[in-house]
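K.L.:
Need coordinates for the following:
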Amino acid sequence: MREGATASGSLYPQFVEPLPPPLWRRVAGVVAGLLGGFAAGMLVAKLASDGFGPLRGLAGVGPFAAMAAFALGLWPHILIHEAGHVVAGLAGGQRAVAFGIGRWRFERGRDGWRAWRGAAIAGIGGFAALVPDRERGAGAAAQALYLLGGPLSNLVVAALAWLVATRVAVHPLAVGAWLGVAAGGLLVGALNLVPFRTQGWRSDGMGLLDLARRTPDAALLQRAQSAMALSLAGVRPRDWPDTLLPADTALADADDAVATTIRQLRLARSMDRDDRDDARAAAQALATGARRLPKALRAHVAVSMAGYAARCSDDDRLLDAWRPLCDGGVLDFSPFLHWIDAERAVRRRDSAAAERELGLARAGLGRVQDPASAEILAEQLDRLALGLPVHGAGDAAAMRGAACAPVKDP
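P.N.:
Model (predicted):
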């Protein structure tokens with residue numbers, strides 16, 4: 001399943017950087033934010049002076065306590081939001097595989113949970129990744145429960161904080177602090193229920209709206225989740241049903257991120273089936289369709305394409321073009337990247353570096369989330385190791401051949 005260099009031009013990275021917003025729009029945003037904050041502060045002060053409800057306790061240090069609690073509570077509210085997604089997803093029969101807050105990631109591999117610090121995610125403060133547990137959690141009802149879990153947890157916390165501020169707290173400092181907590185929870189919960197897209201991510205409200213309208217994106221995401229559930233259950237991509245993933249013609253009107261996920265899964269299935277033509281077509285569709293994908297999601301595409309280049313292409317430049325784009329992803333791809341770096345070392349006839357990267361890749365197999373991917377990666381490591389000599393550079397052609405899956409040519 002190896003392609004020559006002369007036929008792989010369309011497989012190279014084709015990402016297009018979005019144009020930055022004009023200066024006037026950025027300035028207008030800052031001015032609007034300042035004016036909005038000033039107006040909100042004046043409104044709160046007026047209501048407090050008029051003796052409106054709990055705001056009567058905002059005299060003195062109360063307003064400062066409210067602002068401090070609001071600002072300091074935003075990250076805890078994001079943590080509560082993602083925890084709400086996890087709890088709701090588990091209740092619906094899904095399995096938690098990863099979640100993140102800011103730069104911190106928590107992932108569940110076959111060896112258990114681990115924490116690590118990654119790159120910032122443009123457009124969101126956190127995420128929670130759950131996958132149906134094959135027999136449960138794959139339907140629209142379970143997905144809706146998962147999506148509602150995050151915003152509802154924020155709104156419940158906001159309501160409780162409001163009750164404490166109005167019924168329990170007496171000192172202006174405590175009243176202000178609890179009102180600030182309530183305001184932050186209300187903001188995070190309500191904002192996530194608004195249907196919108198940003199930086200390639202969908203809000204919970206947009207996901208719920210897609211489910212309610214039964215849009216193609218909602219149906220495609222459920223198909224992708226079903227494929228991931230099979231992989232978590234140990235079913236290799238080559239054994240997935242042919243009807244599970246739609247053809248590329250069905251992705252014309254799909255969201256870029258959703259279509260990219262389907263194309264990645266199709267590429268994985270084609271490569272695992274050693275289907276040369278389908279793998280190349282899937283790789284071309286993935287590289288072309290991801291042109292306008294946000295930076296936060298590009299690393300996921302780059303890992304898939306680098307894996308294709310390592311297994312299926314003799315074009316060393318193709319592999320070298322995708323490898324630098326593999327860093328900075330949302331999830332931990334390090335075991336796969338060590339394999340890719342081992343392949344690159346083999347092509348440079350650097351057997352020492354190849355052996356080192358192979359060792360690191362094998363050591364990281366336990367961090368791979370699903371058994372099917374771990375089995376495939378172990379096979380690639382074994383094939384690559386077969387061509388590595390104990391001493392010296394060895395024959396580059398033999399080593400390169402050991403890195404690629406066997407092909408059943410038509």
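K.L.:
Tell me how many other residues crowd Ser10.
P.N.:
The number of residues packed around Ser10, counting by other CB atoms under 10 Å, is 12. Quick note: C-beta positions are derived from backbone N, CA and C, even for glycine.
K.L.:
Identify the residue nearest it in space, chain neighbours excluded?
P.N.:
If you skip the residues right next to it in sequence, Ser10 has Gln284 as its closest partner in space, 5.2 Å away by CB to CB, 6 or more residues apart in numbering.
K.L.:
do the same with Gly328
P.N.:
Of all residues beyond its chain neighbours, the one nearest Gly328 is Ala119 (4.2 Å), with distances taken as CB to CB, 6+ apart.
K.L.:
likewise Leu360?
P.N.:
Of all residues not flanking Leu360 in the chain, His338 sits nearest, at 4.2 Å (CB to CB, 6+ apart).
K.L.:
Repeat that for Ser373.
P.N.:
If you skip the residues right next to it in sequence, Ser373 has Ser231 as its closest partner in space, 6.3 Å away by CB to CB, 6+ apart.
K.L.:
now do Arg347
P.N.:
Using CB to CB, 6+ apart and skipping the chain neighbours, the partner closest in space to Arg347 is Asp316 (5.2 Å).
K.L.:
swap in Trp116?
P.N.:
Using CB to CB, 6+ apart and skipping the chain neighbours, the partner closest in space to Trp116 is Arg105 (5.4 Å).
K.L.:
Give me the residue ranges of the protein where confidence is low.
P.N.:
Counting by pLDDT under 70, the chain contains low-confidence residues at 1-9, 18-21, 26, 29-30, 33-62, 123, 388-410.
K.L.:
Wait, the residue nearest to Trp116 touches Ala98, no?
P.N.:
Yes - under the criterion of CB atoms under 8 Å, Arg105 makes contact with Ala98 at 6.6 Å.
K.L.:
what do the two both touch?
P.N.:
Contact criterion CB atoms under 8 Å, 6 or more residues apart in numbering; residues shared by Arg105 and Ala98: Val330, Leu331.
K.L.:
ok so, going back, burial count for the residue nearest to Trp116?
P.N.:
21.
K.L.:
In which helix or strand does it reside?
P.N.:
Secondary structure assigned from DSSP states H and E places Arg105 in strand 104-109.
K.L.:
Can you name every helix or strand that that strand contacts?
P.N.:
Under the contact criterion of 3 or more CB pairs under 8 Å, 6 or more residues apart in numbering; DSSP states H and E, strand 104-109 touches strand 94-101, strand 112-117.
K.L.:
Between strand 112-117 and it, find me the angle.
P.N.:
Between strand 104-109 and strand 112-117, the angle formed by their directions is 150 degrees, by axes from the mean of the first three to the mean of the last three CA atoms, to 10 degrees.
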